[in-house]
Every structure is written in C-alpha cells, then in structure tokens.
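Participant: task: produce atomic coordinates for the following.
(one chain, ligands or ions: 1)
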Amino acid sequence: MPRATLDKDPRDVAVMFDAVARRYDVTNDVLSLGQDRAWRRATLAALGAQRGETVLDLAAGTGTSSEPLADAGVHVVPCDLSTGMLGVGKRRRPDLPFVAGDALRLPFADAAFDAVTISFGLRNVPDPEAALAEMLRVTRPGGRLVVCEFSRPTFAPFRAVYTNYLMRALPPVARAVAKESDAYVYLAESIRAWPDQRELGLLLKDAGWVDVAYRNLSGGIVALHRGRRP
Ligand SMILES: C[S@@+](CC[C@H](N)C(=O)[O-])C[C@H]1O[C@@H](n2cnc3c(N)ncnc32)[C@H](O)[C@@H]1O
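Facilitator: Predicted structure coming up:
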C-alpha cells in the first residue's frame, strides 16, 4: 500500500484510508488504549448539538464520530474522501446519509449546517486553514465548530514517553492488529509535525472563527478546539 507522505496529497491519503478501513475501528481502540471513547464523548458535549439540528461530521471515515450524534437525534451528515471508509460505514449504519467529499471543496451550500465537527481528520488535509475556511462557509452565522485532534501533551516528562510510544511502539503494534504498519508510521509522523494547541487556535482565528477556545484531553494527547461563526 502506498503510504501518504506528509505532503498529504488527498489521493494518497484516500488510498491509505481505503486500505485500513476494514479494521480501522478495532485498531483505534487498541492503539488509544480505549481512550478514543472518552474523546468522542467529550467532542459530543463540546458541540452541544440539539435534537433536530443539522451537523456536518467532516472526515467522518466509517461514521464512528457521527454515530453518537445520530443517536442523540441530530441530523448528522458524515462526509469523507475515502470511499473505502464510507463503504464500511454505510454497511454498518445504512441509516446515515454518507457523502463523498473533499474538505477543501465541500459539496454543500453556504450556511447549510448549524454546526460542523471534524475528529482526527484536519491533520490529514494538505491546507488546514483553507479547510477551516470551507467549514466556516458551510456553517450558518452563529453556528459552531468543534475540532478534535491529536495535540501536544503539556507535561514534559510524559511528552517524552508519549513521543517514544508514537515512534517506536505504535507501528509494530499496528502491524500486529491492522496488518498495516505504513499507515501508522504516517500517523505517528503526522502527529509530531502538527501545530500545538495555541498554534491551531490561531489557525481557527485566521480562518474567520471567533470565540476560539480549547481544552486538553488525556493531558494534551488530544485537544478540542471550539469556534463560532460570527
Ligand atoms: C483518522 S480518520 C477519522 C475518522 C472519524 N472522524 C473518527 O473519528 O473515527 C481520518 C479520516 O479523514 C479522511 N480525510 C483525509 N483527508 C480528507 C479530506 N481532504 N477531505 C475529507 N476527508 C478526508 C480520511 O479518509 C479518513 O477517513
């Protein structure tokens, strides 16, 4: 399988996710030591979506991040670039309206959504600021954004242990669980190269979001960034 380089050509990224789609969810659970479930609950709470609202779940993959929204009575639209991930999602949740689309050219009208969320997806997009501006375009004035993404652990000794885990332990464990280690070498490298909490907050502001704030989860392994369309 070709590994997406850090140039993040969307075609390479899509091929990479097509290849891991079948075992994506179980691999996630193992590699995050089950933490991903708590991260998803926190994302849902931060979004504060009400029953009947329409929410875009961008880079939704197999729909794992969309399911809690749908189950809370929200009209969630899962959108992703990888047809492999969408296919696995559609088989599992045929009731969800999966849409194929690129974060840099969203196939939706202006102001179509009450809120937009993206979990573990923004890091894979070649131009995150342009994607944040696209998300702003499809959000109604006053609507919300929540970005859930890997970030930078705040406690330096823990950060050192964690970076070691990412670079040394994660690829062989991923090979055992997912039979795909290349994608998880990319995962480790892309996490290391990603902006920290403050820098990502600035990207949101530069893209036009206001009331930008963030909160750390699991000591900063993950951060939730929030914003509002003026
Ligand atoms: C790590 S998965 C996250 C899936 C899901 N949100 C979750 O939390 O489990 C990242 C997803 O981002 C998608 N993706 C990457 N680049 C994209 C882009 N430019 N536009 C839309 N989706 C993209 C990939 O296809 C993949 O399904």
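
Participant: in this protein, where is pLDDT below threshold?
Facilitator: For the chain, applying pLDDT under 70 flags the ranges 1-4, 178.

Participant: which part of it gets nearest to the ligand, residue-wise?
Facilitator: Gly61 (2.8 Å; Cβ to the nearest ligand atom). Just so you know, the C-beta spots here come from the backbone N, C-alpha and C atoms, and that holds for glycine as well.

Participant: hang on, that residue is in a strand, isn't it?
Facilitator: No: according to DSSP: H, G, I helix; E, B strand; the rest coil, Gly61 belongs to no strand; its state is coil.

Participant: my guess is it meets Gly89, correct?
Facilitator: Yes: assessed by Cβ atoms under 8 Å, Gly61 is found in contact with Gly89 at 6.8 Å.

Participant: identify the contacts common to those two.
Facilitator: Pro78, Asp80 (Cβ atoms under 8 Å, 6 or more residues apart in numbering).

Participant: spell out which residues of the protein are next to the ligand.
Facilitator: 10, 13-14, 17, 59-61, 64-65, 80-82, 85, 102-104, 119-121, 124-125 (Cβ under 6 Å from any ligand atom).

Participant: can you flag the buried ones in those?
Facilitator: 10, 13-14, 17, 59-61, 64-65, 80-82, 85, 102-103, 119-121, 124-125 (16 or more other Cβ atoms under 10 Å).

Participant: out of all of them, which helix in the chain is the longest?
Facilitator: Taking DSSP state H as the criterion, the chain has its longest helix at helix 35-47.

Participant: coming back round to it: quick one: the residue nearest to the residue of the chain closest to the ligand when sequence neighbours are not counted from Arg22, how far?
Facilitator: Nearest non-adjacent residue to Gly61, counting by Cβ to Cβ, 6 or more residues apart in numbering: Met85, 4.3 Å away. Going from Met85 to Arg22 by Cβ to Cβ, to the nearest Å gives 10 Å.

Participant: for the protein, what spans make up the helices?
Facilitator: With DSSP H as the criterion, the chain has helices spanning 10-20, 24-31, 35-47, 67-71, 83-92, 128-138, 156-164, 170-178, 182-192, 197-206.

Participant: next, format the ones you listed as JSON lines and append distance to Pro230.
Facilitator: As requested, these are arranged in JSON lines below (distance: least, Cβ to Cβ, whole Å):
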{"stretch": "helix 10-20", "distance to Pro230": "29"}
{"stretch": "helix 24-31", "distance to Pro230": "35"}
{"stretch": "helix 35-47", "distance to Pro230": "18"}
{"stretch": "helix 67-71", "distance to Pro230": "24"}
{"stretch": "helix 83-92", "distance to Pro230": "32"}
{"stretch": "helix 128-138", "distance to Pro230": "9"}
{"stretch": "helix 156-164", "distance to Pro230": "35"}
{"stretch": "helix 170-178", "distance to Pro230": "39"}
{"stretch": "helix 182-192", "distance to Pro230": "31"}
{"stretch": "helix 197-206", "distance to Pro230": "11"}
